[in-house]
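K.L.:
let's see this in three dimensions:
(2 chains)
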Amino acid sequence: DVKVTQSSRYLVKRTGEKVFLECVQDMDHENMFWYRQDPGLGLRLIYFSYDVKMKEKGDIPEGYSVSREKKERFSLILESASTNQTSMYLCASRVSGNTIYFGEGSWLTVV
Amino acid sequence: QQQVKQSPQSLIVQKGGIPIINCAYENTAFDYFPWYQQFPGKGPALLIAIRPDVSEKKEGRFTISFNKSAKQFSLHIMDSQPGDSATYFCAASRGASGTYKYIFGTGTRLKVLA
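P.N.:
Residues are numbered from 1 along each chain as shown, chains lettered A, B, ... in the order given. Sure, this is the predicted structure:
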């Protein structure tokens, strides 16, 4: 069974705080992704990584950075959280072929 | 050219009905079209997917119809059940690019009445 784990399910942070969202997969996948989900906007790609220390910007990278020091872990970083970053964040991992699997999501509220 | 347009935004059907959700894309380089199902508080889960070399794919009560010339694809749910009430997302990706990035539609919230 594919397992993509987002350790923090619900977070409340203050404006200006640095926020780390962690994602771990246990299947030696090369490609990992961070999406943001907002009502009426669907899922939008923030960043993705196709190997350790390799990353590329997605469609909405502003205000975010990522880190992939180990193959199994892909972290999303909000350097200075703002209220417009209140959202659900979804990590995904590519198993094989084209299929990607999602974690359960991390709900972030910035106050 | 990277957009995937999904409609309707929401849909209510009676139990046993056949809800149909439509998606349209522009980029002819897309070569993989999955549908994801998402229940409240959960991440999206892969439901069914199709490649452009076939016009239809069926898995259980779920069917994808694909029209390559019109650049459209749709999800049909046969004999819908209240347990199918969820949000459905279509997506498109281009595996040949090597990045496997997905472009998602904006989602359809389906409610199946008992």
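
K.L.:
how far off centre is the helix or strand of chain B with the lowest mean pLDDT?
P.N.:
Least confident helix or strand, chain B: strand B:102-104 with a mean of 91, by mean pLDDT, DSSP states H and E. How far strand B:102-104 lies from its chain's middle: 11 Å, per CA atoms, centre = their mean, to the nearest Å.

K.L.:
could you check how far B:Arg51 is from chain A?
P.N.:
9 Å (CB to the nearest CB, to the nearest Å). For glycine as for every other residue, the C-beta is placed from the backbone atoms N, C-alpha and C.

K.L.:
residues contacting that residue?
P.N.:
B:Arg51 makes contact with B:31-33, according to CB atoms under 8 Å, 6 or more residues apart in numbering or on different chains.

K.L.:
A:Lys71 touches A:Val52, doesn't it?
P.N.:
Yes - counting by CB atoms under 8 Å, A:Lys71 touches A:Val52, with 5.3 Å between them.

K.L.:
check residue 86 and give its pLDDT.
P.N.:
Going with chain A. On the pLDDT scale, A:Thr86 is placed at 97.

K.L.:
can you look at chain B instead?
P.N.:
98.

K.L.:
beta partners of it?
P.N.:
Here B:Ala86 sits in beta bridges with B:Leu110, going by DSSP bridges.

K.L.:
how close does it get to B:Trp35?
P.N.:
B:Ala86 is 11 Å from B:Trp35, where distance means CB to CB, to the nearest Å.

K.L.:
same for the least confident helix or strand of chain B, what does it pack against?
P.N.:
strand A:42-51, strand B:86-93 (3 or more CB pairs under 8 Å, 6 or more residues apart in numbering or on different chains; DSSP states H and E).
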